[in-house]
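[1] how would this look folded up:
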Amino acid sequence: MRKRKNQFFRAVCAVLCASIFLSVPLQKAAAVTSDSIKEKEAQIDQAEKEKEALKNSLSDIQGIKKELEAQRTNLKNYVMELDKNLTIIEERITDLLQRITVKEAEITEAEAQLEAAIEREESQKISMMIHVRMTYERGDPQLMDMLAGASSFGDFLNKADFVEKVMAYDKQIWQDYIRTREYVELCKRQLELEKEILDETKAGVELEQQNLEELIAQKTQDIVKYETDISTKEQAIQEYEEEIQAQEEMIAALEAAIEEEKQRILASSGVVLTYDGGVFKFPMATYTRITSPYGDRIHPTLGINQFHNGVDFAAPTGTAIYAAYDGIVVAADYSSTMGNYVMIDHGGGLYTIYMHASALYVSKDDVVARGTTIAAVGSTGRTTGPHLHFSVRLNGSYVSPWNYLSQ
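    Now for the predicted structure:
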């Protein structure tokens, strides 16, 4: 009788001890269920689709060049069409960089899920080993015989119910372990996929950067060829002068409309924006050199004497462009000569203009403070390389930016 009771106590201990060990990982992670596995499979499927979509989203640089071929006889149309493609590629690069940030966070989360799943698997394996060892040590369990002499436990446990629970428990811990193993493998696959997507996204950024540089180089080459070719030079000079004239008229019209609006506001409220005479902030985060100063110059490709209405600061594409002083954005737009440009009203008839940007970060009517990032350096418009053309106008005429900048 005593032997049977000992066997019974050991059986109970086996179940209770294994249960305790099995419960340890449950404190650190939610139980792995069929739904957990389905959710992880869905995440893997989504990652597979994301990986495939990434391959198809990159620019077809050769296709773009082929489409631009037909535009080369009309420089204005050619520049405008090429700039559209530059803008698209810039947007793709920005999107890819944002994806990299998101993907790195997803990888961190996937690594944490895998670590928790592996920890759960190891804990379940230990609990199963303990359970198996205890079962082996007590021999063939013959639970019905052991329970027959276990009358002292009749108050807290129904014998038949205990046998059923032991059998159900054995089945449960095995099923839990199998599900956990499957979940671990799915976590590994997801992590592997996420890292592959991250690597391909980074490679995509590099490829799009190369595409951007290739298009800019092609644009430079074609503009120089068009402006220096003997057969088209006279036409190129005429087109350039017409475009500059159109640019002047557009800016003058903007100023006239703004001054008219100011007079209306002043008449109704007595409040008007006024420049207080402060020193401008240098309009770029970094620059390499001045490629063209303010004033008269010989045009670098057309070879004609021309008044250069601003200062050209060379800088890499994407370099931040700052608002030189407090003011209101009166234009943030595109033209075939200026490319993407921003024009800011500082009051008192004073305006600054920022040309050839790759991206604009402000819109018309935005109020900006001195040093606000308003755009990024680029090569849009009639230009042969990435730079900022910075102009200052006072009372309807261009003036030297150096009157307001500290050198």
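[2] quick check: mean pLDDT across the strand or helix carrying residue 179?
    If you go by DSSP states H and E, residue 179 is part of helix 159-228. Averaging pLDDT along helix 159-228 yields 83.
[3] following it, which helix or strand shows up next?
    Following helix 159-228 toward the C-terminus (DSSP H and E): helix 230-269.
[4] Specify the angle between the helix holding residue 179 and helix 230-269 in degrees.
    On the basis of axes from the mean of the first three to the mean of the last three Cα atoms, to 10 degrees, helix 159-228 is oriented at 120 degrees to helix 230-269.
[5] helices or strands up against helix 159-228?
    With contacts taken as 3 or more Cβ pairs under 8 Å, 6 or more residues apart in numbering; DSSP states H and E, helix 159-228 sits against helix 2-23, helix 34-56, helix 61-69, helix 75-137, helix 143-148, helix 230-269. Every C-beta, even on glycine, is put in place using the N, C-alpha and C of the backbone.
[6] Any chance of a markdown table for these, columns distance to residue 174 and mean neighbour count?
    Formatted as a markdown table, these follow (distance: least, Cβ to Cβ, whole Å; neighbours: other Cβ atoms under 10 Å):
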| stretch | distance to residue 174 | mean neighbour count |
| --- | --- | --- |
| helix 2-23 | 11 | 16 |
| helix 34-56 | 15 | 13 |
| helix 61-69 | 57 | 13 |
| helix 75-137 | 8 | 17 |
| helix 143-148 | 18 | 17 |
| helix 230-269 | 77 | 13 |
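[7] which parts of stretch 320-339 are buried?
    For stretch 320-339, burial by neighbour count (16 or more other Cβ atoms under 10 Å) applies to 320-332, 334-339.
[8] brain fart, stretch 186-199
    186, 187, 189, 190, 191, 193, 194, 197, 198.
[9] what's that stretch in contact with?
    Stretch 186-199 is contacted by residues 37, 40-41, 43-44, 47-48, 50-51, 54, 100, 103-104, 106-107, 110-111, 113-114, 117 when judged by Cβ atoms under 8 Å, 6 or more residues apart in numbering.
[10] angle of the helix holding residue 179 against helix 75-137?
    With the same axes, to 10 degrees defining the directions, helix 159-228 sits at 160 degrees from helix 75-137.
[11] continuing past the longest strand belonging to the chain, what's the next helix or strand?
    Assignment by DSSP state E gives strand 350-360 as the longest strand of the chain. With elements assigned by DSSP H and E, the helix or strand that comes after strand 350-360 is strand 367-368.
[12] Return the distance of that following strand from the chain's centre.
    25 Å (Cα atoms, centre = their mean, to the nearest Å).
[13] Contacts made by that strand with the rest, please.
    Residues from elsewhere that reach strand 367-368 (Cβ under 8 Å, 6+ apart): 323, 326, 327, 328, 329, 344, 362, 374.
[14] Tell me the spacing between residue 349 and residue 326.
    Between residue 349 and residue 326 the computed distance is 15 Å (Cβ to Cβ, to the nearest Å).
[15] Please identify the helix or strand for residue 337.
    Using DSSP H and E, residue 337 is not contained in any helix or strand.
[16] doesn't residue 382 make contact with it?
    Yes: using Cβ atoms under 8 Å, residue 337 is in contact with residue 382, at 4.9 Å.
[17] any shared contact partners between the two?
    Contact criterion Cβ under 8 Å, 6+ apart; residues shared by residue 337 and residue 382: residue 243.
[18] Can you pull out the low-pLDDT segments for the stretch 301-407 of the chain?
    Counting by pLDDT under 70, the low-confidence segments of the stretch 301-407 of the chain come to 301-302, 407.
[19] What's the mean pLDDT across stretch 93-100?
    Taken as a whole, stretch 93-100 has a mean pLDDT of 92.
[20] ok, now stretch 261-270?
    63.
[21] Adjacent strands (with direction) for the longest strand of the chain?
    Sheet pairing for strand 350-360, assigned by DSSP bridges, gives strand 339-347 (antiparallel), strand 373-377 (antiparallel), strand 387-394 (antiparallel).
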